[in-house]
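Engineer: Let me see the structure of the following:
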Amino acid sequence: MSVAEVERRLAANLSADVAGFSRLMGADEEGTLEALDASRTLIGGLVVGHHGRVFGSAGDSIIAEFASPVEAVRCAVAFQAALEERDAQADEARRMRFRVGVNLGDVMVQGENLLGDGVNIAARLEALADAGGIRISATVYEQVKEKLDLGYDDLGPQTVKNIAEPVPAYRVRLDGAAPRPGAASAISNKPSIAVLPFDNMGGDPEQDYFADGITEDLITELSRFQGLFVIARNSVFSYKGKSPKIQDVGTELGVRYVLEGSVRKAGDRVRITAQLIDAATGHHLWAECYNRKLDDVFAVQDDVTQQIVATLPRRVEAADLEHAKRKPTANMAAYDYLLQGNTTTAAPRRISHAGLRRSAGRSSSIPATPRHTRGLPARSHAACCAVTWNAPTNCGHGRSIQFIGRIR
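Structural biologist: The predicted structure is shown next:
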């Protein structure tokens, strides 16, 4: 067949595969194959229901075509939701999640098969997706953005394997709304943290499951602490295989702290590192290295996870207290007296109450006779008098105060 005789058409191509398939197979081959067959049956039925057809299913992948990109994305959203509901009660380590890429492009028809960049780009977008997530190209986005009640994150041009030009890509947000900077802080006043996927530094793809397992275990265990706001797995796994700036992660996910780490294997030993980072400044708050003999993968994962979880909440709490101490006051007169007090620790200067009243311009705010200081050690009371003029508080000695300074 000559080039002129090759049939071409425009098609919306959907490519999907199982995230962490090697890990699942390593844990339970027969159970994984059974779950894969069940998933393919479910997905195949939804593809047909959305006027598409499956034309490829090598290994753990599924490739389908649709006449409409709207139907392709609707199908992807439908089967991701169906799989999530089906596996809701399953053990986290055994859940089968698919990554999905959708592209609209020109394809070549060869019998029942489709070939060309239109298909290849869909596969590359799928590789960028997080487990349970969907990535679409700009050509798909332009067709669906006003037609589907979904949110989209612009990921910008993505350089992908064997495609000459960068591919503009979008993340489909299955919650229906685009994220806002500081979203986690708006939802909760708790300290917020994101656990980024641990890097596999050994280069052995078979060790990806181990690094992913550490990450998932940490997210699960940290989520048990009521005092922490922990970003969900699907959100953080979008950073897998990337090296984002920590400040960008903090802004995009709306978190104050980021935990990142790596895994390296040599022979029968493994080294796991973890670092807690202030997302606003990029400064390291805590770091640790764990060396273990790799006799039992799950035992090592459990041991290291418990070690990190036993330490991390306290570190976050301490860092949050430091943030609170650094919170500035809006009252400059009060702040001036705080600075004066800090510089006179060794030999505190005497500050008259008349002077305090003149500086603040609020004679009614300070009693002429400071009755709440009577009978108290001067230094111990002065140490706690660090509040603003307009914010009465209890100083710890059981008295209400409204000034800043050192009283002698």
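
Engineer: Low-confidence regions, the chain specifically.
Structural biologist: Applying pLDDT under 70 to the chain flags the ranges 1-4, 175-189, 323-408.

Engineer: Give me the phi and psi for the most centrally placed residue in it.
Structural biologist: The C-alpha lying nearest the average C-alpha coordinate of the chain belongs to residue 236 (Cα atoms, centre = their mean; 3.4 Å). Taking degrees, to the nearest 10, you get phi -80, psi -30 for the backbone angles of residue 236.

Engineer: And for it, nearest residue in space, chain neighbours not counted?
Structural biologist: Excluding the flanking residues, the one nearest residue 236 by Cβ to Cβ, 6 or more residues apart in numbering is residue 194, at 5.3 Å. Every residue, glycine included, has its C-beta placed from N, CA and C.

Engineer: Spell out the secondary structure type for that neighbour.
Structural biologist: strand (DSSP: H, G, I helix; E, B strand; the rest coil).

Engineer: how much space between it and residue 276?
Structural biologist: 11 Å (Cβ to Cβ, to the nearest Å).

Engineer: shared neighbours, these two?
Structural biologist: 257-259 (Cβ atoms under 8 Å, 6 or more residues apart in numbering).

Engineer: and residue 11, what helix or strand is that in?
Structural biologist: For residue 11, the enclosing helix or strand under DSSP states H and E is strand 7-18.

Engineer: Buried residues in that strand, which are they?
Structural biologist: Residues 11-18 are the ones in strand 7-18 that count as buried (16 or more other Cβ atoms under 10 Å).

Engineer: could you say what helices and strands that strand packs with?
Structural biologist: helix 29-49, strand 62-66, helix 69-86, strand 98-110, helix 117-128 (3 or more Cβ pairs under 8 Å, 6 or more residues apart in numbering; DSSP states H and E).

Engineer: can you tell me which residues contact the closest residue to residue 257 other than its chain neighbours?
Structural biologist: The spatially closest residue to residue 257, leaving aside those adjacent along the chain, is residue 193, at 4.4 Å (Cβ to Cβ, 6+ apart). Contact analysis of residue 193 by Cβ under 8 Å, 6+ apart lists 222, 228-231, 255-259, 312, 316.

Engineer: Return the member of those residues nearest to residue 150.
Structural biologist: For these, the closest approach to residue 150 (Cβ to Cβ) belongs to residue 231, at 20.1 Å.

Engineer: my guess is the closest one meets residue 192, correct?
Structural biologist: Yes. Under the criterion of Cβ atoms under 8 Å, residue 231 makes contact with residue 192 at 7.3 Å.

Engineer: picking that back up, so which of residue 194 and residue 276 has more stuff around it?
Structural biologist: Counting neighbours by other Cβ atoms under 10 Å for residue 194 and for residue 276 shows that residue 194 has the greater number, 26 against 21.

Engineer: No more questions from me, cheers.
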